[in-house]
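A structural model of the following input is requested.
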Amino acid sequence: MCALRCLLLYPVFDPLKTPILMKPVFFLTILVSVLSFADPVFSQCAGATLALTVRYDTTVTGIGNSSHSFTIPKFDPSLGTLLSADIQSSAALGFSYTLTNNDVINSHTYKTQIVRSDDIFSTALDPSSVNEVHQTPFVFATLAAGQHVDYGPAMLTYTVTNSVTDNRLINFEGTGSVEFDYEIGTSALTLLSTKYDFNFNSALDTTVFSITYRYCSNVLLNADLLFFTASPKSNNTALLTWRQAIVQEGRSYDLQASTDGITFNHLSTLSENATGVYDYTYVNNAAKKVFFRIQEKNRSGEIKYSNVRLVEFNNDKKNSPTVFPSLYTGGMLKIIFPEQDDWQIVIYTADGRRVLESQQKNSINALFSLPAYIANGFYLVEVVNKHSQQRQMNRIIIQR
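Numbers count the residues shown, from 1 in each chain. The predicted structure follows:
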């Protein structure tokens, strides 16, 4: 790798030497899809069900050398158990160049190729990053004294992939977003002779950058479960509450917690009571994030699991809008903003279709009576601060 990068010190086409004075930030247009995933490594979840995916992507263009910043929403752990965060960058570089033999006496043979480097950085990827180099095949040209050759137009296309499946996955879960810095470099490498002039006539690239979250959906509790919530009450405590509409004698609830969203440990077991209403106060030690779920066991021994709920401790809640109720049965859907500002609210279906959008100017909260044309089912509510562009995704279920 070092040897190849050292070759990049050879002459680079002048138009791409222009300093980049500003690093533009491209906030993603959300394209959310819930799809089956067929890869054998991740295809099977509990009960032999297929893994699902949520994908976020954006497209940027440049002139070969460019610097971009991307903001990707984190994975909502209430959707299920995260298996991987897959990074992909698909690049297409179109180019043409002129190579001139500037020796006025002798002919020379030249060997030329185009070299591209992709460097993707993020604190979520620490201690490593994504670095790859791609190049075209060498092109040979024998030029008489003073002769030049025009090459192109030609294309270099490639895809960079990287999958996070280790303990760094926790950096991709929760509220807020993950930041990425993406550096793209293009250069020319010419060998066999030093007597030449090289100039790019054109160089334009298009890059599609995406993050795909692969996850297993949780097995829901029985249909008579009305809700399960986990809410921080202080810097080190959280209140877990749930309710059953139909009481079943002999049923029990095993409360479980996890600091990585994968391995869950037992907290406490509560037996079925006559009211169907339950709560539990959790005392945190030093974890910044704790995932909670309920293992439900009935008298016959059948076990099912609730959705996972996440509590983030010692976080500044100023930047966290609240959307409730998460189970909408009618009436008003209320969104409380962390501060009075201009906000955008967008509601998406599970397959990414936008069904409602609202602009709220200088507001601290918003109230909605969801239209009748929005059918029952699972939806995502995106809340965006119009000034800072910070965004949060919330899940709701509509069941009128």
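
tally of neighbours for the nearest residue to residue 160 once chain neighbours are set aside?
Nearest residue to residue 160, sequence neighbours excluded (CB to CB, 6 or more residues apart in numbering): residue 89, at 4.3 Å. The C-beta positions use only the backbone N, C-alpha and C, and glycine is treated the same way. The tally of other residues near residue 89 (other CB atoms under 10 Å) stands at 21.

pLDDT on the strand or helix carrying residue 89, on average?
Element membership for residue 89 (DSSP states H and E) is strand 80-101. Strand 80-101 comes out with an average pLDDT of 93.

what's the distance between it and the middle of its chain?
17 Å (CA atoms, centre = their mean, to the nearest Å).

same question, stretch 146-164
With CA atoms, centre = their mean, you get 28 Å for stretch 146-164.

can you map out the helices along the stretch 101-250 of the chain?
In the stretch 101-250 of the chain, no helices are defined using DSSP state H, counting those that start in this stretch.

what stretches of it score poorly on pLDDT?
218-225 (pLDDT under 70).

can you give me the buried ones in stretch 132-149?
132, 134-136, 139, 141, 143 (16 or more other CB atoms under 10 Å).

reformat the residues you listed as CSV; add distance to residue 288.
Output for the buried residues of stretch 132-149, formatted as CSV (distance: CB to CB, whole Å):
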residue, distance to residue 288
132, 32
134, 38
135, 42
136, 46
139, 53
141, 59
143, 63
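
which residues does residue 125 contact?
Residue 125 sits next to 164, 168, 171 when contact means CB atoms under 8 Å, 6 or more residues apart in numbering.

over to residue 264?
256-258, 291, 293.

residue 359 pairs with what?
With DSSP bridges as the criterion, residue 359 is bridged to residue 344.

quick check: it touching residue 346?
No: in this structure residue 359 lies outside contact range of residue 346 using CB atoms under 8 Å: 10.1 Å.

quick one: which of the two has more around it?
residue 346 (17 against 11).

the more buried one and residue 397: what is the separation?
In this view, residue 346 and residue 397 are 17 Å apart by CB to CB, to the nearest Å.

now do residue 274
Counting by CB to CB, the separation of residue 274 from residue 397 is 27 Å.

likewise residue 106?
Residue 106 is 77 Å from residue 397, by CB to CB.

with neighbour numbers in mind, choose between the two.
Neighbour count, other CB under 10 Å: between residue 106 and residue 397, residue 397 has more, with 15 against 10.

tell me what that one is bridged to.
As for beta bridges, residue 397 partners with residue 327, residue 378 under DSSP bridges.

test my guess that it contacts residue 326.
Yes: if you go by CB under 8 Å, residue 397 and residue 326 touch, sitting 6.7 Å apart.

for the stretch 151-300 of the chain, what spans make up the strands?
Here the stretch 151-300 of the chain has its strands, by DSSP state E, counting those that start in this stretch, at 177-191, 196-217, 225-232, 237-244, 252-258, 265-271, 277-283, 289-297.

compare those and give me the one nearest residue 158.
Proximity to residue 158 (CB to CB) singles out strand 196-217 among the strands of the stretch 151-300 of the chain, at 10.4 Å.

counting by contacts, list what the closest one packs against.
strand 51-62, strand 66-73, strand 80-101, strand 108-121, strand 148-164, strand 177-191 (3 or more CB pairs under 8 Å, 6 or more residues apart in numbering; DSSP states H and E).

nearest residue to residue 209 in space, ignoring adjacent ones along the chain?
residue 89 (5.1 Å).

quick check: the one you found touching residue 180?
No: counting by CB under 8 Å, residue 89 stays clear of residue 180, with 10.0 Å between them.

now the common contact residues for those two.
Joint contacts of residue 89 and residue 180 (CB under 8 Å, 6+ apart) are 120, 209.

could the contacts of residue 125 go into TSV alongside distance to residue 384?
Listed next are these as TSV, based on distance: CB to CB, whole Å:
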residue	distance to residue 384
164	26
168	26
171	22
